[in-house]
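[1] just to be clear, the model below is a prediction. Sequence and coordinates:
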Amino acid sequence: MAPRTKTDEDVSGHSLRHAVLFAVGLRVVYALAALALGGNLTADPRLLRGNDFTDHLMSRGHPLAYALLGVWERFDTLWYLHIAQAGYDRQAAIVFYPLYPALIHALSWVVHPPLAAALAISTAAAFFFAWGLEELISLDYPSGTAVRATVLLAVWPSSFILFAGYADSLVMALSVWSLYYARTDRWGLAGVLGFFAGSAKAVGAVAAVPLGWLAWRKRRRECWTAVLPLAAPAAFSLWIRKAGYGSSAAAYAAHWRTHVAWPWKTLADSVRSFFATPPHLILQLNLIFLVLACGLLLVRRLRMEYRLYAVASLTLFLTKNTDPLLQSTMRYVLAVFPSFIALAIVLEKRHASMIGVCTFLALIDAVVLYEFWRWSLLV
């Protein structure tokens with residue numbers, strides 16, 4: 001690993017400024033894009049009828065308000081807003097973990113409407129995710145690697161979801177900072193943040209894998225906190241069963257066209273479908289990005305705890321056999337942040353390649369965002 005050439009204060013200051021630019025810059029870019037597209041975002045009424053809680057969507061009569069808020073009133077966001085206001089009142093809702101809707105409910109006391117509260121939380125979480133990612137990378141790699149990884153994250157297809165009313169940016173911010181504090185031997189903070197990560201999404205529990213690896217290597221008594229990311233999902237699972245909703249696996253099968261399967265079965269089904277006629281373009285793109293994320297884990301300079309985290313995250317994702325297959329894969333790969341570190345390492349000193357890769361990824365991201373805003377693509 002290349003040693004740092006700057007003081008810790010310099011590195012932290014740069015990563016903080018980059019995170020502000022990441023969060024504020026992308027939020028402004030998305031608002032301007034929504035304003036520019038305007039009437040082109042009209043959705044087919046049949047697409048709206050296929051989604052829940054679409055009876056009272058924001059009117060397009062106020063273009064600025066719609067560009068800032070209304071375009072994000074999509075898919076899972078509606079579920080999080082419903083849970084924030086009505087709680088877990090149906091079995092279909094239990095696939096959504098409680099931390100994000102609880103934060104929306106709390107912030108809604110001072111920020112209105114609740115959608116604005118949801119977007120404020122996701123934007124703040126995106127800031128902390130970008131900041132924590134650069135801080136974590138800078139422990140081992142040159143500052144340029146950290147910056148490249150953040151840029152690649154910003155243009156990755158479906159990265160806009162970090163700014164939507166989804167819990168992805170929240171769980172990733174908590175997971176990255178949990179790992180950072182474990183790396184810097186602050187195990188109390190690492191455990192608490194890991195616990196909250198496990199409260200935000202199922203993938204948050206995966207933070208226990210790198211924390212456990214680091215705890216085993218350090219052999220320190222306080223490292224027991226490495227198991228805390230598993231405690232929150234376990235408690236939530238017990239609560240939903242006690243409430244009479246059954247398991248999340250049952251809810252997925254009954255309401256979300258998803259069932260639990262061995263990871264290799266999901267992967268084998270996806271590979272077979274890749275060559276189907278007529279081709280399923282979204283499935284093919286999802287599989288390509290999944291394979292890319294897996295291939296990047298072979299980069300030699302990647303730390304072992306990052307590999308373990310990535311393998312555990314991808315394995316958890318592949319246990320969900322969806323219809324259509326690999327649904328939302330590009331979004332789920334965002335959680336595999338070691339892939340961005342590996343790609344940043346590969347593109348070191350390859351400026352032309354970096355520009356080309358970023359341009360290619362940004363174009364796909366723009367298309368996916370457009371279709372997401374028009375309700376024609378679930379991300």
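    Nice, I can see it.
[2] where in this structure is pLDDT low?
    Residues of the chain meeting the criterion pLDDT under 70: 1-12, 220-221.
[3] find the centremost residue of it, please.
    residue 168 (3.2 Å; CA atoms, centre = their mean).
[4] OK, contacts around that residue?
    122, 161, 162, 201, 331, 334, 335 (CB atoms under 8 Å, 6 or more residues apart in numbering). C-beta here means a position set from N, CA and C on the backbone, and glycine is covered the same way.
[5] one more time with 7 Å, if that's ok
    With contact taken as CB atoms under 7 Å, 6 or more residues apart in numbering, residue 168 is in contact with 161, 162, 331, 334, 335.
[6] residue 186: which of those is nearest?
    Distance ranking of these against residue 186, using CB to CB, places residue 335 first at 22.8 Å.
[7] contact partners for the closest one?
    Residue 335 neighbours (CB under 7 Å, 6+ apart): 168, 172, 203, 313.
[8] and residue 59, helix, strand or coil?
    Under the three-state scheme (DSSP: H, G, I helix; E, B strand; the rest coil), residue 59 adopts coil.
[9] quick check on it: phi, psi?
    Torsion angles at residue 59 (phi, psi; degrees, to the nearest 10) stand at phi -70, psi 150.
[10] burial count for it?
    Around residue 59 there are 9 other residues, counting by other CB atoms under 10 Å.
[11] can you redo the contacts of residue 335 as TSV with secondary structure and distance to residue 105?
    Output for the contacts of residue 335, formatted as TSV (DSSP: H, G, I helix; E, B strand; the rest coil; distance: CB to CB, whole Å):
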residue	secondary structure	distance to residue 105
168	helix	19
172	helix	21
203	helix	22
313	helix	28
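[12] redo the residues you listed as CSV? Include distance to residue 289.
    Formatted as CSV, the contacts of residue 335 follow (distance: CB to CB, whole Å):
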residue, distance to residue 289
168, 15
172, 17
203, 16
313, 14
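[13] closest to residue 281 among those residues?
    residue 168 (23.1 Å).
[14] gap between the closest one and residue 176?
    12 Å (CB to CB, to the nearest Å).
[15] next: residue 78.
    Taking CB to CB, one finds residue 78 at 27 Å from residue 176.
[16] more neighbours, the two?
    Between residue 78 and residue 176, residue 176 has the larger neighbour count (other CB under 10 Å), namely 24 against 18.
[17] please, which helix or strand holds the nearest residue to the more buried one once chain neighbours are set aside?
    Leaving aside its chain neighbours, residue 176 sits nearest to residue 132 (3.9 Å; criterion: CB to CB, 6 or more residues apart in numbering). Residue 132 belongs to helix 114-137 when assigned by DSSP states H and E.
[18] counting by contacts, list what that helix packs against.
    helix 8-37, helix 76-86, helix 99-107, helix 143-155, helix 168-183 (3 or more CB pairs under 7 Å, 6 or more residues apart in numbering; DSSP states H and E).
[19] mind running it again at 10 Å?
    helix 8-37, helix 63-68, helix 76-86, helix 99-107, helix 143-155, helix 168-183, helix 338-346 (3 or more CB pairs under 10 Å, 6 or more residues apart in numbering; DSSP states H and E).
[20] list the buried residues for the second one?
    Right, helix 63-68. 66, 67, 68 (16 or more other CB atoms under 10 Å).
[21] now, which of those residues sits nearest residue 36?
    residue 67 (8.7 Å).
[22] apart from its neighbours in sequence, what residue is nearest the closest one?
    residue 34 (3.7 Å).
[23] tell me who's in contact with residue 224.
    187, 191, 215 (CB atoms under 10 Å, 6 or more residues apart in numbering).
[24] out of these, who's the most crowded?
    Compared across those, residue 191 has the highest neighbour count, 26 neighbours, by other CB under 10 Å.
[25] what is the distance between the helix or strand residue 48 falls within and the centre of its chain?
    If you go by DSSP H and E, residue 48 is part of helix 45-49. Put simply, helix 45-49 sits 26 Å off its chain's centre (CA atoms, centre = their mean, to the nearest Å).
[26] quick one: contacts of it?
    For helix 45-49, using CB under 10 Å, 6+ apart, the contacting residues are 54, 55, 57, 374, 375, 376, 377, 378.
[27] could you turn the buried ones of the residues you listed into a ChimeraX selection?
    This is the ChimeraX syntax for the buried subset of these, where burial follows 16+ other CB under 10 Å:
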select :54,57,374,375,377,378
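[28] let me know the closest of the contacts of helix 45-49 to residue 115.
    After measuring the contacts of helix 45-49 against residue 115 - CB to CB - the closest member comes out as residue 57, at 10.0 Å.
[29] give the contact list for the closest residue to residue 152 other than its chain neighbours.
    Leaving aside its chain neighbours, residue 152 sits nearest to residue 340 (4.9 Å; criterion: CB to CB, 6+ apart). Contact partners of residue 340, counting by CB under 10 Å, 6+ apart, are 133, 137, 145-146, 148-154, 156, 293, 296, 333-334.
[30] quick check, nearest of those residues to residue 39?
    Comparing the contacts of residue 340 against residue 39 with CB to CB places residue 154 closest, at 27.4 Å.
[31] from residue 334, how far out is that closest one?
    11 Å.
[32] then residue 70?
    Applying CB to CB to residue 70 and residue 334 gives a distance of 24 Å.
[33] one more: residue 257?
    From residue 257 over to residue 334 (counting by CB to CB), the distance is 22 Å.
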